[in-house]
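Colleague: Got a sequence here, can you build the structure:
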Amino acid sequence: MSESASGVREVSVASAFAGMRSVSPVVFRAGCPDCRGRFELAASALRLAIGATSRTTFYSFTCPDCGASVRKPAGERVVELLTGGGVRTLRLHSTL
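Modeller: Have a look, this model is predicted:
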């Protein structure tokens with residue numbers, strides 16, 4: 001690190017990222033209401049649909065155990081966790 005004439009420390013990219021470790025992929029715990037299976041899913045296995053109301057906001061996935069299509073409601077906290085974890089999101093719009 002060096003200090004510029006204005007007193008601001010200059011940091012190289014290499015030194016700024018030195019010591020950082022690779023980030024583990026995010027996984028989400030889920031369960032299937034059909035077969036009662038419990039498992040972990042990568043963000044890429046989930047889809048989030050955000051509608052105008054809580055009734056039209058949900059996430060979905062395919063059960064890796066039985067192949068059932070699963071759709072579950074997503075409250076504000078679930079939406080926050082899924083979007084923060086990189087789950088692809090679809091915003092639903094009304095046709096009015």
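Colleague: In terms of secondary structure, what does the lengthiest helix in the chain contact?
Modeller: Longest helix of the chain, by residue count under DSSP state H: helix 76-84. On a contact count with 3 or more CB pairs under 8 Å, 6 or more residues apart in numbering; DSSP states H and E, helix 76-84 meets strand 47-50. The way it works is simple: take the backbone N, C-alpha and C, and place the C-beta from them, glycine included.
Colleague: Paired strands for the strand it packs on, with orientation please.
Modeller: strand 58-62 (antiparallel), strand 88-91 (parallel) (DSSP bridges).
Colleague: May I have the residues that are in contact with Cys66?
Modeller: By CB atoms under 8 Å, 6 or more residues apart in numbering, the contact list for Cys66 reads Cys32, Asp34, Cys35, Gly37.
Colleague: The second one: neighbouring residues, count only.
Modeller: Translated: Asp34. 13 (other CB atoms under 10 Å).
Colleague: what does the last one give?
Modeller: The local packing count at Gly37 equals 14, with neighbours defined by other CB under 10 Å.
Colleague: residue nearest the centroid of this protein?
Modeller: Gly85 (2.4 Å; CA atoms, centre = their mean).
Colleague: my read: that residue touches Phe28, true?
Modeller: Yes. Between Gly85 and Phe28 there is a contact under CB atoms under 8 Å: 6.6 Å.
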